[in-house]
Every structure is written in C-alpha cells, then in structure tokens.
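Student: I'd like to go over a predicted model; first the sequence, then the structure.
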Amino acid sequence: MITFFKGFLINLQFFTAIPITRELPMDKEHLKKAVQTFPLLGLCQGVIYSGLFYLLLELTPFSHLAVAFFLWLATVLLTGGIHLDGWMDASDAYFSYQDHQKRLEIMKDPRTGAFGVLSIIVLMSSRFLFIYESTMNADYVTYILIAAIPFLSKSVMGVLLLTVKSAKHDGLGSLFQRAAKPQVLWIYPVYLFALLFLVIHDYFLVGMLILAAAGCLFFCRIKAVKWFGGITGDVLGASVEGTELILWMTLWLLHYFVMA
C-alpha cells in the first residue's frame, strides 16, 4: 500500500504542478505502481476541476464567461502545461510531413514552429468553447462528467504506454515503459467498473464518454506507429490533450442532444 501511494506521488510530481518536495524512489516497483495509478491521478484532477466548477458557478457572483475562464485556466495551471508541450511538439513533427526519424528529431528541438503555435491556439480555443457552453447548461451530472474526463484521458495514456512500442530508447515515456508490463493494466477495468457503479443512475452518459475515450485510444494506437514509429513522451502528452479535447466536445454535445 505504501508503494502504491508513493507511485501516486510520483505521478503528482511528474505530471502536475502540485509541489511534491519529497524525494521518491524511481525503481521499477514504484514506477510500475505509478503506471497503475495514472487513472487515479486523472480522477484527482477531475475532482479538483469539478469542485472548482461548482464553487465558482454556485457560490460566487461570477458570470458564466468568468467561470468558464477560470476552469479553462485551471486545466493548464494544475498540469503545469506538461501535456500541452507534447501537443505542440507532436504537431510540429506531424505537419512537417517527414519520415519517422526526422519527426523524432523535430520533437527534440526546443524551438516551437508555426504549426505548434497554430495547433495550441485551436486546442485551447476549442476547449474554452466547450467549457463555456457547458457552464450554460450545467446540472449535477455535468460535475460527474467533468471529473471523468481526465480520469479517462490518463487511462488512455497508460494503455498506450504499455501496449504500443517505443519510438526511442530514452525519455520519460521509455523510463516508465521499461518498468512495467501490460499485465499491470488489469487494475484499469477495476477502476472503470467502480466508476460506473458509483454513477449507476447516469451510467449511459458516462458510458458515452467511455466510448469516446475508447475511440481515441484506437485512433492513437494506430497513428502513433504510423506517424512517429511508436510512442514518445511527447506523443503520449499529445494523446492526453487530444483525448481530453474529444471528451470535452462529447460533454458539449451531450448537453445539446441528450441532456437537454
């Protein structure tokens, strides 16, 4: 249990801006537990987003636009923008239309190209639209669905990490991949069934998000190999951001066509 908790702390240290000053062991056992707690990291983020959303919407005089902005900003500040960096690097590499090796070299380049800038503008403006319109139609189910978004995106990240070959032999993604095997993913369905059990009255809506996340997983598994020769830390970061964008869009569409 202590190892499991330390694995979770490793995730907080690597993937969030939450200050974890404690020195944590980086051996295989702890990194394996870190992979197993990816969905819990996402759930923790989601609860923070939902809690902030509720407080701003229900307990402050702020407008829907202001609430949407603060929630949108929180999605960046809480993660420290780590996955956004991967999104920009992967976008620059993809739109270069080069071979795998050249794309990997482009992702290593610390400079950001025009396509990286354009892609981040599209990503963040689209997310803001989906968040803003969700504030206009929010009910109690909305809070549950918002909490589920990073939970599912981090689950996708974990599955991609352990089921898609690595495109290179260094970096953060490779470090985690060497420490864990696909068998450790057995706990992910447990998390998923626990989530569905907790939202039994709204399982259809959560199920729609799960289906959207599954579609993102299928797409990313194929395209990571086709476009980059496998996964890297940047590709994983891009997959998290892309999955969350699709899930925010799904929430937005649910408000229009199902929850109306």
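Tutor: Nice, I can see it.
Student: ok, Leu52 - contacts?
Tutor: Residues near Leu52 by CB atoms under 8 Å, 6 or more residues apart in numbering: Phe70, Leu71, Ala74. C-beta: built from backbone N, CA, C; applies to glycine.
Student: what count of nearby residues applies to the second one?
Tutor: Translated: Leu71. Leu71 has 22 neighbours, counted by other CB atoms under 10 Å.
Student: quick one: secondary structure of it?
Tutor: Using DSSP: H, G, I helix; E, B strand; the rest coil, the structure places Leu71 in helix.
Student: try the last one
Tutor: Classification of Ala74 by three-state DSSP places it in helix.
Student: who are the contact partners of it?
Tutor: Ile48, Tyr49, Leu52.
Student: I figured the first one hits Thr79, correct?
Tutor: Meaning Ile48. No - contact criterion CB atoms under 8 Å: Ile48 and Thr79 do not qualify, at 10.8 Å.
Student: who has more neighbours, those two?
Tutor: More crowded of Ile48 and Thr79, by other CB under 10 Å: Thr79, with 20 against 17.
Student: what's the end-to-end length of stretch 85-104?
Tutor: Length of stretch 85-104, first residue to last, CA to CA, to the nearest Å: 14 Å.
Student: over to stretch 179-194?
Tutor: First residue to last in stretch 179-194 (CA to CA) measures 26 Å.
Student: just how off-centre is that stretch within its chain?
Tutor: Its chain's C-alpha centre and that of stretch 179-194 lie 17 Å apart, by CA atoms, centre = their mean, to the nearest Å.
Student: same question, stretch 53-70
Tutor: Centroid separation for stretch 53-70 versus its chain: 23 Å, with CA atoms, centre = their mean.
Student: and the lowest-mean-pLDDT helix or strand in the chain, which residues are buried?
Tutor: Taking mean pLDDT, DSSP states H and E as the measure, the helix or strand of the chain with the lowest value is helix 172-179, at a mean of 77. By neighbour count with 16 or more other CB atoms under 10 Å, helix 172-179 contains the buried residues Leu172, Gly173, Ser174, Phe176, Gln177, Ala179.
Student: for it, packing partners?
Tutor: helix 28-36, helix 140-163, helix 233-257 (3 or more CB pairs under 8 Å, 6 or more residues apart in numbering; DSSP states H and E).
Student: I'd like the next helix or strand past that helix.
Tutor: helix 187-198 (DSSP states H and E).
Student: now the angle from the helix or strand following that next one to helix 233-257?
Tutor: Downstream of helix 187-198, the next assigned helix or strand under DSSP H and E is helix 203-228. Computed by axes from the mean of the first three to the mean of the last three CA atoms, to 10 degrees, the angle separating helix 203-228 from helix 233-257 equals 150 degrees.
Student: now helix 203-228: buried residues?
Tutor: 205-206, 208-210, 212-213, 216-217, 220-221, 224-225, 227-228.
Student: from those residues, which two are the most distant?
Tutor: Between any two of the buried residues of helix 203-228, the greatest separation by CB to CB is 33.5 Å, found for Leu205 and Phe228.
Student: how close does Ala74 sit to Val240?
Tutor: 16 Å (CB to CB, to the nearest Å).
Student: just read off the phi/psi values of Ile231.
Tutor: Main-chain dihedrals, Ile231, degrees, to the nearest 10: phi -100, psi 150.
Student: go on, Ser166?
Tutor: phi -80, psi 140.
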